[in-house]
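In: Here is a sequence together with a model predicted from it:
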Amino acid sequence: MEPITSPSQYPVAIVTGASSGLGLSLTHHLLRKNYHVVLADINPPPIPSPSPPSSPPPAILTTTNYLNPNRNLSTSQLPLPPSRTTFIRTDVASWDSQCSLFRQTYEKFGRIDFLAANAGILDTFDLSGGSGNSGVESQVAGVFGVEGGELERDVLGTIRKEAEEEEEIPKPNMQTLEVNFVGVVYGVWLARHYFLKNKKMKKEKKLGDISSDGDFANGGDGGDSVSGRIVITSSQSGIYGIAVQSIYCASKHALVGLTRSLGHPKSPYTTHPTHKILINAILPSFMQTNILPPTFFEQLPKGYITPMSTVLHAYDHFLPGGEKEYEAGLCAECVGEEVVFRDQVEVANELARACLGVLVEGEGVGWGGGIW
């Protein structure tokens, strides 16, 4: 990858898990907002099939026409302009792979402005005694009352019997946590490093000025004190306990905790006077992506699927020009047509409030300072 001689005058986004589903839709959404997008995924993005002459693609690809269910052109068939997109094969669970992703991106564009930490997988190990994804259809179907076909469920889904006669207990496969949580921690830490480089470049007047409307039209970051923004893909199961996919559920809860901690009003990420990093999360309900098998969606009751447009609207809240562009630590649950910002639970009592105050302020426990 050839480095450019001067920084891009337009914002640069990294999207993990960008080759399908939400990540691919977000990529197209960001392209319409004048971003350069780096697609980070294990697999390359799909190559669109040539459109028949009788149904040419629209001259302008808008959110409405590419999400319109009446259109024959799916997101996977939309072209990715080579001048605006770069694919970098990335295993988010690998520190070395993510280091290479961020290094290559910065070397090419001279800046990184936004990270969508979106990559995620379902359970690769079933704590209830099964073998992971093999039983996901039956497990989820049983909990949500879907009946029929491949989704019929026994007491514990498609769970293999406990091998009591085995002498060794199998070690749990922790790939779900490594991808869903550890990979996000890696991404946040690397993004912070390169976001701070953005601030240095702006001081040296090597990045464009902020436009009057706070958007990226001239290469600005939407605010003099903001070095970069991160949106983490958690899940509706990150705030509710569910009876299946336990490790997945735990990983998504962890992402909510990470978001609320780093986005806390007194976090070093949000309080620095000149280079804030704003971190928020989206928590989608059922979306028709490849994380669940097609047969599941075929038998899901009508109206249970959250449209992609709802989730993209949640992203818009956090991007420059959005209603929440200068806020952090927010968790946006996306259900049906609604985006609902979920509050933390109330403290149990005044003692709990005081204990939390010690954790935040560090009073009497000998810590302080920051990461900057």
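Out: Perfect, I can see it now. The shown structure was predicted, so the numbers you read here are calculated from the model rather than taken from an experiment. Residues are numbered from 1 along each chain as shown.

In: mind checking the longest helix of the chain?
Out: Counting residues, the longest helix found in the chain (DSSP state H) is helix 183-203.

In: And that one, what's buried?
Out: 183-184, 186-188, 190-192, 194-195, 197-199, 202 (16 or more other Cβ atoms under 10 Å). All C-beta atoms are positioned from the backbone trio N, CA, C, and that covers glycine.

In: pLDDT below threshold where in the chain?
Out: Scanning the chain for pLDDT under 70 picks out 1-6, 49-76, 130-166, 199-224, 361-372.

In: any chance you could map the strands in it?
Out: In the chain, the segments counted as strands under DSSP state E are 12-16, 36-41, 85-89, 114-117, 226-233, 276-284, 331-335, 338-341.

In: Tell me the strands beside the second one, with direction?
Out: Which is strand 36-41. Strand 36-41 pairs in its sheet with strand 12-16 (parallel), strand 85-89 (parallel), by DSSP bridges.

In: And the longest one, by the same measure?
Out: Strand 276-284 has the following strand partners under DSSP bridges: strand 226-233 (parallel), strand 331-335 (parallel).

In: highest average neighbour count across the ones you listed?
Out: Of all the strands paired with strand 276-284, strand 226-233 carries the top mean neighbour count, a mean of 26, counting by mean count of other Cβ atoms under 10 Å.

In: just so I know, which of the strands of the chain lies nearest residue 355?
Out: When these are compared by Cβ to Cβ, strand 331-335 sits nearest residue 355, at 22.5 Å.

In: wait, what's in contact with residue 37?
Out: Shown in contact with residue 37 (Cβ atoms under 8 Å, 6 or more residues apart in numbering): 12-15, 18, 27, 30-31, 84-86.

In: Enumerate every residue touching the nearest residue to residue 194 once chain neighbours are set aside.
Out: Closest residue in space to residue 194, ignoring its immediate chain neighbours: residue 112 at 4.4 Å, by Cβ to Cβ, 6 or more residues apart in numbering. If you count contacts by Cβ under 8 Å, 6+ apart, residue 112 has them with 12, 14, 102, 105-106, 191, 194-195, 197-198, 228.

In: if we go to 6 Å?
Out: 12, 105-106, 194 (Cβ atoms under 6 Å, 6 or more residues apart in numbering).

In: quick one: it from residue 11, how far?
Out: Between residue 112 and residue 11 the computed distance is 9 Å (Cβ to Cβ, to the nearest Å).

In: got it, and residue 268?
Out: Counting by Cβ to Cβ - residue 268 and residue 11 are separated by 23 Å.

In: just residue 97 next, same as before
Out: Residue 97 is 23 Å from residue 11, by Cβ to Cβ.

In: if you count what's nearby, which of those two comes out ahead?
Out: residue 11 (30 against 17; other Cβ atoms under 10 Å).

In: Now do that one against residue 226, distance only.
Out: Distance from residue 11 to residue 226, by Cβ to Cβ: 12 Å.

In: Mind listing what's buried along stretch 101-117?
Out: Residues 101-102, 104-106, 108-117 are the ones in stretch 101-117 that count as buried (16+ other Cβ under 10 Å).

In: between the residues you listed, which is closest to residue 338?
Out: residue 116 (21.0 Å).

In: List the contacts of the closest one.
Out: Residues counted as contacts of residue 116 (Cβ under 6 Å, 6+ apart) are 15, 26, 231.

In: how many neighbours does the closest residue to it other than its chain neighbours have?
Out: What sits nearest to residue 116 in space, not counting adjacent residues and going by Cβ to Cβ, 6+ apart, is residue 15, at 4.4 Å. Neighbourhood size, residue 15 [other Cβ under 10 Å]: 28.

In: Could you do residue 8 as well?
Out: Residue 8 has 18 nearby residues by other Cβ under 10 Å.

In: That one touches residue 109, doesn't it?
Out: Yes. Assessed by Cβ atoms under 6 Å, residue 8 is found in contact with residue 109 at 4.4 Å.
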